[in-house]
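1. What follows is a predicted structure for the sequence shown.
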Amino acid sequence: MQSQIINVNPDPNGEPWWSGGLLLTPEALAKVEALPKLTLSEQSAKTPLPYKVDNSEKKYFRPIFCQDKQSCSQASEIGYIFTYVKW
């Protein structure tokens with residue numbers, strides 16, 4: 001659960017795009033490790049998942065937005081992956 005901070009900007013002369021750096025305290029790590037493990041039912045385990053899904057075609061997909069400063073990774077992770085906007 002520990003990761004390094006790295007520059008993910010493909011332009012070596014550009015402004016750094018920092019990513020990573022998750023440092024968990026022993027207490028936080030214990031909470032993560034105590035989370036229940038996912039157990040699929042037999043039916044769920046047999047249900048095939050689609051090869052891909054284009055969420056931009058879904059009505060709850062968040063519209064494109066502008067983020068501030070060096071927050072592009074965090075903004076996209078939270079804004080696109082974990083949220084839905086009801087219209």
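-> Thanks, I have the structure now. Residues are numbered from 1 along each chain as shown.

2. ok, and for the lowest-mean-pLDDT helix or strand in the chain, which residues are buried?
-> Scoring the helices and strands of the chain by mean pLDDT, DSSP states H and E places helix 72-76 at the bottom, with a mean of 72. When neighbours are counted by 16 or more other CB atoms under 10 Å, no buried residue of helix 72-76 is found. For the C-beta atoms, the positions are set from N, CA and C on the backbone; glycine is no exception.

3. List the residues that contact the closest residue to Trp18 other than its chain neighbours.
-> Spatial nearest neighbour of Trp18, excluding adjacent residues (CB to CB, 6 or more residues apart in numbering): Ile5 at 5.7 Å. Counting by CB atoms under 8 Å, 6 or more residues apart in numbering, Ile5 makes contact with 18-21.

4. Distance of Ile5 relative to Gln74?
-> Distance, Ile5 to Gln74, by CB to CB, to the nearest Å: 14 Å.

5. What is the neighbour count of Gln70?
-> Gln70 is flanked by 14 other residues according to other CB atoms under 10 Å.

6. Next one, pLDDT for it please.
-> Gln70 carries a pLDDT value of 72.

7. and it, helix, strand or coil?
-> Three-state assignment for Gln70 (DSSP: H, G, I helix; E, B strand; the rest coil): coil.

8. Next up, the contacts around it.
-> Going by CB under 8 Å, 6+ apart, Gln70 touches 15-18.

9. ok, so of these, who is nearest Leu35?
-> Trp18 (27.2 Å; CB to CB).

10. Quick check: phi and psi at the closest one.
-> In terms of degrees, to the nearest 10, the main-chain angles of Trp18 are phi -80, psi 140.
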